[in-house]
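Visitor: quick one, fold the following:
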Amino acid sequence: MRPTSTYRVQVRPEFPLSSTAEIVDYLADLGVSHLYSAPLLSAAPDSQHGYDVVDHSQVSPALGGAEGLAALKSALDQANLGLVVDIVPNHAGVGAAAENPTWWDVLKNGQKSDFAGHYDVDWSRGRILLPVLADNADALDDLRIEDGELRYFDKRYPIADGTGDGTPREVHDRQHYELVNWTRGDREINYRRFFAITDLAGLRVEDPEVFAATHAEILRWYNEGLADGIRVDHPDGLRNPGEYFNRLRDAAPDAWIVVEKILEPGERLPAWPVAGTTGYDAMAEVNGVFVDPATEAFFNTLDHHLTGTTTSWQDLVHDAKYRVATEVLAAELGRLVALVPEIEAAPTALAELAACFPVYRSYLPAGSRD
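Guide: All right, here's what the predicted structure looks like:
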């Protein structure tokens, strides 16, 4: 059943699948065709949004598990409504390491982990840098060993086999990870993350095995008729979004697939096998109705009063992008610079390229000009 209209429900531990099922008749009275649910896979403890998935193999027990999803589907069927589910292929939650079995195994076994290929880690520095310590030179003194794990306040980390003897600091220094001052993350982090969020580590779903492992449960929902549609979060974080959508379409040939894609004015969605975007571009047009152009002079004056300077919109955007590239995403910029060590001006050139880029991202070689 193709959606004609959807109603999004933020399913969360305080409003689980059972509560969602109770409002199905209300949604039907509104006239929507589908309930559009927030992510349903197991997320970090107490997650209010579900975008920090820690276990791709099950419907979150905190939301009601497989039984809760089946009960919601039964309620939807009785109301003649369908279900669209939100999925998060780009990243996984790693802030609560003990809750994510694949990340835990990588921290414990390093490059020898069966799941090392799940994540984009630059192993050239030798250890995974985890910026979690307080901004204190003696923060490592707060480490302790409990129940065969390394603990830092409420954070838990694994101890590799055969490395557990000695003081907590000595044990820490033998691990495949290094706990460091949280302020070092933006400049030194050596795993791909979601923007500047160190608790969300990028997944290598371009690898067919990783795709299969992280999508098996989601595709079960599709194959068993639990879900009609799939809303894909942040595909622009993927190495090759086009290839990803081809693989997803092959796995779910009749699914209604939409993408959370940011389009600049005049930019067209790439030729992906999807039904379209989630509507940010349309909402930008709608929200324009609420902007009064007559207030431009007032806001220009207010900005000058607050900042003491006068700038153009174009310069403001450029300077903000440049600052993000060189400060917030300094570690990511550094990895790009390392690819061209022979170019002395690469840091500035690449930051300027990012600051002047006219769209969110490119898809080269797809879409290149003739």
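
Visitor: show the subsequent helix or strand relative to the helix or strand bottoming out on mean pLDDT in the chain.
Guide: Ranking every helix and strand in the chain by mean pLDDT, DSSP states H and E puts helix 280-287 at the bottom, with a mean of 90. From helix 280-287 onward toward the C-terminus, using DSSP states H and E, the following helix or strand is helix 296-307.

Visitor: list the buried residues for that next one?
Guide: Buried residues in helix 296-307, counting neighbours by 16 or more other CB atoms under 10 Å, are absent. Every residue, glycine included, has its C-beta placed from N, CA and C.

Visitor: quick one: the helix or strand just after that helix to helix 296-307, angle?
Guide: From helix 296-307 onward toward the C-terminus, using DSSP H and E, the following helix or strand is helix 313-323. Comparing the axes of helix 313-323 and helix 296-307 via axes from the mean of the first three to the mean of the last three CA atoms, to 10 degrees yields an angle of 40 degrees.

Visitor: begin at 7 from now on, thanks
Guide: Shifting the count to begin at 7 puts that one at helix 319-329.

Visitor: and helix 319-329, which residues are buried?
Guide: His324, Lys327, Tyr328.

Visitor: which secondary structure elements does that helix contact?
Guide: The helices and strands touching helix 319-329, judged by 3 or more CB pairs under 8 Å, 6 or more residues apart in numbering; DSSP states H and E, are helix 352-362.

Visitor: now the helices for the chain?
Guide: Taking DSSP state H as the criterion, the chain contains helices spanning 23-28, 30-36, 71-84, 107-115, 174-178, 191-194, 214-229, 247-257, 286-293, 302-313, 319-329, 336-344, 352-362.

Visitor: hey, which of those helices is tucked in deepest?
Guide: Stretch with highest mean neighbour count among the helices of the chain: helix 107-115 (a mean of 21; mean count of other CB atoms under 10 Å).

Visitor: return the distance of that helix from the chain's centre.
Guide: Using CA atoms, centre = their mean, to the nearest Å, the mean C-alpha position of helix 107-115 is found 19 Å from that of the whole chain.

Visitor: between it and helix 214-229, what angle do the directions make?
Guide: Angular relation of helix 107-115 and helix 214-229 on a 0 to 180 degree scale: 160 degrees, by the same axes, to 10 degrees.

Visitor: hang on, the earlier thing: which residues touch the least confident helix or strand of the chain?
Guide: For helix 286-293, the surrounding residues in contact (CB atoms under 8 Å, 6 or more residues apart in numbering) are Glu266, Lys267, Ile268, Leu269, Pro271.

Visitor: show the buried residues in these.
Guide: For these, a neighbour count by 16+ other CB under 10 Å gives the buried set as Glu266, Lys267.

Visitor: format the contacts of helix 286-293 as a markdown table; extra columns: pLDDT and distance to Asp213.
Guide: A markdown table is the format used below for these (pLDDT from 0 to 100; distance: CB to CB, whole Å):
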| residue | pLDDT | distance to Asp213 |
| --- | --- | --- |
| Glu266 | 96 | 22 |
| Lys267 | 92 | 23 |
| Ile268 | 87 | 25 |
| Leu269 | 90 | 28 |
| Pro271 | 86 | 35 |
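
Visitor: need the max-distance pair from the contacts of helix 286-293.
Guide: With CB to CB as the measure, no two of these lie farther apart than Glu266 and Pro271, at 17.8 Å.
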